[in-house]
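*Asks:* Mind folding the following:
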Amino acid sequence: MARNNNGSAVAIVGGGLVAGAVDIAVATVIYHIPTWQKTLQAVARGWYGKASFEMGMQSVIVGALSQALICMIIAALYIQFAGSLLRRPWLGGTLLGIVVYLVMNYVVVPLSKAGGGWHMPKLDMNFVLTVLANILLGLIIAHFAARFAKR
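*Replies:* Got it, this is the predicted structure:
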């Protein structure tokens, strides 16, 4: 059966935006960042480096747009390649979250202006919470995909 294109668009945009917003909120709490605006500036740090924190609303907007776009790309890739996992969102979302954690921390961030090369994570509570936050992101996307992007 062909994919429902309207449903896929809802899953990509809706799942991406909801997952992205929840991810920003959770990161703000996990890392004790004083405001969500600072968290979005931390996202924009990938484009601007440390200067992001001195740029005010410009880097907040760039961070928000980047977060939304990244999460929608993740959702689109999941829908395209999840196959039978679309019908198993708990498993697919968990696996997606783990893949997102690995790709973001060991490919995207090291190649960005945020810097920091590859390193072994410190196995502490922040590590556990960060992995769980990524799994939550994956679960949100997978549930939107299961609901709206049926094959």
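*Asks:* Show me where this protein dips below the pLDDT cut-off.
*Replies:* 1-4, 117-118, 150-151 (pLDDT under 70).
*Asks:* what's the residue closest to the geometric middle of it?
*Replies:* Residue closest to the mean C-alpha point of the chain, counted by Cα atoms, centre = their mean, is Cys71 at 4.8 Å.
*Asks:* That one against Phe144, yeah?
*Replies:* No. Here Cys71 does not reach Phe144: they are 10.6 Å apart, not a contact under Cβ atoms under 8 Å. Yep, even glycine has a C-beta here, placed from its N, CA and C like the rest.
*Asks:* Overlap in contacts, these two.
*Replies:* Common neighbours of Cys71 and Phe144 (criterion: Cβ atoms under 8 Å, 6 or more residues apart in numbering): 15, 19.
*Asks:* residue contacts, Ala133?
*Replies:* By Cβ under 8 Å, 6+ apart, the neighbours of Ala133 are 23, 26-27, 30.
*Asks:* buried set for stretch 73-84?
*Replies:* Residues 74-76, 78-79, 82 are the ones in stretch 73-84 that count as buried (16 or more other Cβ atoms under 10 Å).
*Asks:* mind putting those residues in a markdown table, secondary structure and distance to Ala44 included?
*Replies:* As requested, the buried residues of stretch 73-84 are arranged in a markdown table below (DSSP: H, G, I helix; E, B strand; the rest coil; distance: Cβ to Cβ, whole Å):
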| residue | secondary structure | distance to Ala44 |
| --- | --- | --- |
| Ile74 | helix | 18 |
| Ala75 | helix | 21 |
| Ala76 | helix | 22 |
| Tyr78 | helix | 24 |
| Ile79 | helix | 27 |
| Ala82 | coil | 29 |
